[in-house]
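Asks: Dropping the sequence and predicted coords here.
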Amino acid sequence: MSAIITLTTDLGLSDAYVAAMKGVILSINPDVRLIDISHTIKSQNIPQAAFVVSTVYSFFPQKTIHVVVVDPGVGTDRRAIIIRTHSADFVAPDNGVLSYVIQQSSTKPMEDITSVQQIELEPKLQVVELTEQRFWRSPVSPTFHGRDIFAPVAALLSLGFPPIDFGEAITSVTMLPLPHPHRTLDSSLMGHILHIDNFGNLITNIKCDDLPQTTSAMTTMIGNHSIAGLSHTYAEGRGLLTLIGSSGYLEVSLKGGNASTFLNAKIGDEVRIR
């Protein structure tokens, strides 16, 4: 089977940036299979890209290469890295955009991370800083490392080059503070909106295992609105509803409408469950 490279960026679809990255990759490995995860990540929104990638990479075959380019620090001294996990390779700037991947690949808890910081990785995760410029396009644009660094490195990885060929092994990476649901003094479960999808569904950081066993007695509070119980599909009931979406997280939805617009909700807003 041909190697697979996925692309996740905030480059949009109205310009030629994504096509340029694909052109570079195909010039090096014309047999690779290119898959677009998303190019409509909100501009420079690193947490959104980190979450979106975390919900999809596990569905790809082993050894898939995932390129994630949401890079407000492009051209600065921020590092460019490869992370090799047991299932996939990730090529990205070292700015926290792989935080959920790292969390899901680690055995130690990370709830105590409260700010953007460097963390030491477990030995099972191989990390390489991209320093071997002979593998990059020349000259390298200081504003488009996606085309000139990440794309050629990913293409060469797809041909079987080992990560260490591209630079120096490192043991620490940048990690974002990932929001975790927690119990409040009144025993409510407090979570937050992580992502708003194309339908306006509000995807929270609350998972199925966090919910009470008897969900029929559950009430979800968001803003001034309360939602009773837990639905199984988007078509149940009327008005606002909650359900466990395909990514395994609790979602707030509006039957036949857009919950984000209806609630004037945004990423980071609180969602409380009683």
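Replies: Nice, thanks for sending it over. Because the structure is predicted, anything quoted here is derived from the model rather than measured.
Asks: Give me the pLDDT for Gln117.
Replies: Predicted confidence (pLDDT) for Gln117: 88.
Asks: Check Ser247 too.
Replies: Residue-level confidence at Ser247 comes out at 90, pLDDT.
Asks: Same check on Gly167?
Replies: At Gly167, the model reports a pLDDT of 98.
Asks: swap in Leu26?
Replies: 98.
Asks: which residues sit in contact with the nearest residue to it once chain neighbours are set aside?
Replies: Using Cβ to Cβ, 6 or more residues apart in numbering and skipping the chain neighbours, the partner closest in space to Leu26 is Val32 (6.9 Å). For every residue, glycine as well, the C-beta is placed using N, CA and C. Contact analysis of Val32 by Cβ atoms under 8 Å, 6 or more residues apart in numbering lists Ser2, Ala3, Ile4, Ile5, Ile25, Leu26, Ala155, Ser158.
Asks: at 10 Å instead, please
Replies: 2-5, 22, 25-26, 65, 154-155, 157-159 (Cβ atoms under 10 Å, 6 or more residues apart in numbering).
Asks: before we move on, what SS does the residue nearest in space to the middle of the chain have?
Replies: For the chain, the residue nearest the mean C-alpha position is Ala50 (2.4 Å; Cα atoms, centre = their mean). Under DSSP: H, G, I helix; E, B strand; the rest coil, the three-state class of Ala50 is helix.
Asks: looking at it, it is touching His66, isn't it?
Replies: No. Using Cβ atoms under 10 Å, Ala50 is not in contact with His66, being 11.7 Å away.
Asks: And the helices in the protein?
Replies: Remark: helices assigned in the chain by DSSP state H are 17-28, 46-54, 99-105, 145, 151-158, 259-263.
Asks: Need these in JSON lines (columns: distance to Leu185).
Replies: JSON lines is the format used below for these (distance: least, Cβ to Cβ, whole Å):
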{"stretch": "helix 17-28", "distance to Leu185": "48"}
{"stretch": "helix 46-54", "distance to Leu185": "27"}
{"stretch": "helix 99-105", "distance to Leu185": "27"}
{"stretch": "helix 145", "distance to Leu185": "46"}
{"stretch": "helix 151-158", "distance to Leu185": "48"}
{"stretch": "helix 259-263", "distance to Leu185": "25"}
